[in-house]
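Novice: quick one: sequence and predicted model below, then my questions.
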Amino acid sequence: MSDHPILVLAATGGQGRAVSTALLERGAPLRALVRNPASPGARALAERGAEVVTGSLDDADSLTAAMQDVAAVFAMTTPFESGVDAEIEQGHTIITAAERARVPHLVFSSVAGANQDSGVPHFESKRVIEAELESSALPHTILGPTYFYDNALGGIDRIRTDGVLDLPLPPDRPLQQLDRRDLGAFAAHVLLSPDHVVGRRIELASDAPTPESMAAALTHAIGSPIRYEQVPLGSIESPDMHAMWWFLNGPGYQVDLAGLHAEFPDVGWTSFANWAARTFETAT
């Protein structure tokens, strides 16, 4: 393991926190870039031994400074604050800073399906960033997460209060999904052992449950009946989310789960049922 730290951008966000946690569990030196070093998440990382630095995905100077003398960088972008154009600019800023700092290995978290002409705005923006990264001279690995298990928690009140899980999918349609902890473990592996993954684009999924099997797993985990109700696709008002669910009802993600899990068995690959049991283990 290198003595140089691994830099995680947006280290207190969902993905960044998972990767930071996995690196710390492996004893890796961590440099965590955050917008607010006084936030509870940033303080928690500092208490665990991380070097916390302040910066923004929109500020090339702060990124370049944070990237000095690192072994690798984990990066991601988001369209959900300022839109897809701003996300593309974030990606450009990250790549520019990494080139300036001569980063030895940049791991970029994109999205599964970004290379499928999906028509989903926040997939297409990540594909633009991927293309810029691929045309650069930076040693890099691109990760493509699928739908995260904990997206189900966005409807937690509906699940707990009404006993209903609802998604805009047929009840028997498998949906490839990813445990955020599995993302953290996989990214940590790639960051710490880059030799066999540099230059690759690897899509990630832990399991492919159907909505009906998800409801059954939640029923078992929570201890009360959860039924599945299909949401009409036409009721989704956000153009981006409508396009995403249209894609997921159509070609969908194309992760080779068996091949992925066989190549990287140490990740563990958590099933949806096990995630639900872990997440709701204190539910009554």
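Specialist: That came through, no problem.
Novice: ok, and the helix or strand in the protein with the lowest average confidence?
Specialist: Ranking every helix and strand in the chain by mean pLDDT, DSSP states H and E puts helix 156-157 at the bottom, with a mean of 91.
Novice: and the next helix or strand past that one?
Specialist: strand 164-167 (DSSP states H and E).
Novice: what pairs with that next one, parallel or antiparallel?
Specialist: Its sheet considered, strand 164-167 pairs with strand 227-230 (parallel) by DSSP bridges.
Novice: for stretch 177-189, output the C-alpha coordinates as PDB.
Specialist: Only the C-alpha atoms of stretch 177-189 are listed here, as PDB (Å, rounded to 0.1, in the frame of the first residue of the first chain):
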ATOM      1  CA  GLN A 177     -29.300  -2.700  -8.300                       C
ATOM      2  CA  LEU A 178     -26.300  -2.000  -6.200                       C
ATOM      3  CA  ASP A 179     -25.600  -1.900  -2.400                       C
ATOM      4  CA  ARG A 180     -23.700   1.300  -1.700                       C
ATOM      5  CA  ARG A 181     -21.400  -0.700   0.600                       C
ATOM      6  CA  ASP A 182     -20.500  -2.900  -2.300                       C
ATOM      7  CA  LEU A 183     -19.700   0.200  -4.400                       C
ATOM      8  CA  GLY A 184     -17.400   1.300  -1.600                       C
ATOM      9  CA  ALA A 185     -15.600  -2.100  -1.400                       C
ATOM     10  CA  PHE A 186     -15.200  -2.300  -5.100                       C
ATOM     11  CA  ALA A 187     -13.900   1.200  -5.500                       C
ATOM     12  CA  ALA A 188     -11.500   0.700  -2.600                       C
ATOM     13  CA  HIS A 189     -10.200  -2.500  -4.400                       C
END
